[in-house]
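Peer 1: sequence plus predicted model, see below.
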Amino acid sequence: VAGPGNYGLRGTRHSVGMAVLDRLARQLAVAEGWRVDRRCCADVALAAAHGLELVLLKPRRLMNINGLSVASAAEIYNLRPEDIYLVHDDLDKALGKVAIKLGGSARGHNGVRSCISALHSNEMTRLRVGIGRP
């Protein structure tokens, strides 16, 4: 589960993916388990839920190149694009509204575009979190 965002701008709407991952880590009781993984330039926490092993990933790169971190983590943890869930902001959805999307285009989202490019696939599941337009 990856939360693309702008690492240095945490707390902004565009980094809502990271905030969702922080909340998920608290709910899975691994919030204290975040560590820096220099191999993929990201903060990583490992968790288990419903019999699944999860890798929670907050890239430390800028949004436009977050895909490099996601692709590196996929290689390290032996994950295929269809194993990856992206949690990202969506300007076209009202604030707080969510939608799940499987595959397809980036719809103008630079972080998603970066992931598609780095993974050479658009088969990731996406949790789109509405942030509305300012």
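Peer 2: Noted; the coordinates are in hand.
Peer 1: buried residues in whichever helix or strand residue 87 is part of?
Peer 2: Residue 87 is part of strand 85-90 when elements are defined by DSSP states H and E. The neighbour-count check on strand 85-90 (16 or more other C-beta atoms under 10 Å) flags 86, 87, 88, 89, 90 as buried. C-betas here are computed from N, CA, C, even on glycine.
Peer 1: the third one contacts residue 125, correct?
Peer 2: The one in question is residue 88. No - counting by C-beta atoms under 8 Å, residue 88 does not reach residue 125; the two are 11.4 Å apart.
Peer 1: one step back: can you lay out the buried residues of strand 85-90 as TSV showing pLDDT and distance to residue 101?
Peer 2: Shown next, in TSV, are these (pLDDT from 0 to 100; distance: C-beta to C-beta, whole Å):
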residue	pLDDT	distance to residue 101
86	97	9
87	97	12
88	95	10
89	94	13
90	93	9
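Peer 1: how long is stretch 74-85 end to end?
Peer 2: 11 Å (C-alpha to C-alpha, to the nearest Å).
Peer 1: scratch that, stretch 116-133 is what I was asking about
Peer 2: 24 Å.
Peer 1: and stretch 106-126, by the same measure?
Peer 2: 10 Å.
Peer 1: ok, and what's touching the strand holding residue 87?
Peer 2: 1-5, 13-17, 20-21, 70, 99, 107, 109, 111-112, 115, 124-131 (C-beta atoms under 8 Å, 6 or more residues apart in numbering).
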